[in-house]
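**Student:** any chance you could fold what I've pasted below:
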Amino acid sequence: MESDNRIGDFLRARRELVRPEDVGLPDLGRRRVPGLRREELALLAGVSADYYVRLEQGRDRHPSEQVLAALARALQLDEDATAHLHELTRRTGPRRRARPRAQKVRPGLLRLMDAWPHTPAFILSRHLDVLATNRLATALHPGCTPGENMLRTLFLEPYAQDLYPELDKVAAETVASLRASAGADVDDPRLIELVGELSVKSESFRRLWARHEVRAKTEGEKRMRHPLVGDVTFRFETLTVNGAEGQQLVVYHSEPGSPSERALNLLAAMVAKEPTREREPAPRT
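**Tutor:** Predicted coordinates:
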């Protein structure tokens, strides 16, 4: 999936995303590679070009905090990406891991979500596997079904293009979110399996993953085009589940009195008329 030169891979990918004009450098014509040259980034960070080359090639894997801060500024990294860079330097080898255990969702959380008939809610693992959901979330988004994976839905399911009017934006944000969730633990077997499958089956995913963009998905706005109730715009909040490593509760809500709220209420009314199905959250390792 990835080389063991994690720091170098990250620096190279992010260097290629920065244009000379973004950092006040003159564009001197045609470049063999996109973004900044190595010597340009070294100059901006205040380190020697030779030292920066050693970092990018993986010949030096222990830069100081001051060097990391300077590189983050030169690369125009945000808070999430800067934290990720620091984490990469703290873990330079595979970690010893216990036998994976199936993830289970606490019964209290399941009851809590079921008590929100007008609020779509679901629980994700750190790999964006759907562990549990309420009925309105599944009615809104077919991918919100226990056992499904949000990334597989985005990149491999044909209906994603119809569901998300801004599919490219959602896909980029979700890949960056997986990077943030994985951190430096890129030798995680489940992550290797997921990224390997998507890299083979989706050129779009492969390109986004190679950018090494990192951004935690804590809150934001999303648009969907539902086949029954039309366009829906809502805010989402992502909350960490205490005591359940890697689990996140995602909750959608719309502006009170808005057309989107009325659309969600209509969908909730449709769901309420359907017979209740027994559901067990799908265990994930």
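
**Student:** okay, the residue minimising distance to the centre of the chain and Pro117: tell me how far apart.
**Tutor:** Residue closest to the average C-alpha location in the chain (C-alpha atoms, centre = their mean): Ser177, at 1.7 Å. With distances taken as C-beta to C-beta, to the nearest Å, Ser177 is found 28 Å from Pro117. Where you see a C-beta, it was placed from the backbone N, CA and C, and this is true even at glycine.

**Student:** contacts only, for Arg15.
**Tutor:** By C-beta atoms under 8 Å, 6 or more residues apart in numbering, Arg15 lies in contact with 35-36, 38, 41, 56, 75.

**Student:** per-residue pLDDT, it?
**Tutor:** In this model, Arg15 is scored at 94, pLDDT.

**Student:** quick one: it and Glu56, what's the gap?
**Tutor:** 8 Å.

**Student:** hang on, the residue nearest to the centre of the chain in a helix?
**Tutor:** Yes. Per DSSP: H, G, I helix; E, B strand; the rest coil, Ser177 lies within a helix segment.

**Student:** which strand in this structure runs the most residues?
**Tutor:** Counting residues, the longest strand found in the chain (DSSP state E) is strand 230-240.

**Student:** overlap in contacts, Arg15 and Glu56.
**Tutor:** Counting by C-beta under 8 Å, 6+ apart, the common neighbours of Arg15 and Glu56 are Arg38.

**Student:** on that earlier part again, dump the contacts of Arg15 to a markdown table, plus secondary structure.
**Tutor:** Formatted as a markdown table, those follow (three-state DSSP):
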| residue | secondary structure |
| --- | --- |
| Gly35 | coil |
| Leu36 | coil |
| Arg38 | helix |
| Leu41 | helix |
| Glu56 | helix |
| Leu75 | coil |
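
**Student:** what's the spacing between stretch 76-96 and its chain's center?
**Tutor:** Mean-position distance between stretch 76-96 and its chain equals 15 Å (C-alpha atoms, centre = their mean, to the nearest Å).

**Student:** where are the low-confidence patches of the stretch 51-200 of the chain?
**Tutor:** 91-102 (pLDDT under 70).

**Student:** how about the strands in it?
**Tutor:** Taking DSSP state E, counting those that start in this stretch, the strands of the stretch 51-200 of the chain run over residues 121-124, 130-133.

**Student:** dump those to TSV, plus distance to Asn5 and mean neighbour count.
**Tutor:** TSV is the format used below for the strands of the stretch 51-200 of the chain (distance: least, C-beta to C-beta, whole Å; neighbours: other C-beta atoms under 10 Å):
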stretch	distance to Asn5	mean neighbour count
strand 121-124	30	26
strand 130-133	33	26
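
**Student:** got the ones you listed as JSON lines, with distance to Glu21 columns?
**Tutor:** Listed next are these as JSON lines, based on distance: least, C-beta to C-beta, whole Å:
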{"stretch": "strand 121-124", "distance to Glu21": "38"}
{"stretch": "strand 130-133", "distance to Glu21": "42"}
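
**Student:** closest one to Val271 among those?
**Tutor:** strand 130-133 (12.0 Å; C-beta to C-beta).

**Student:** Glu40 contacts Glu21, correct?
**Tutor:** No. Using C-beta atoms under 8 Å, Glu40 is not in contact with Glu21; the gap is 11.9 Å.
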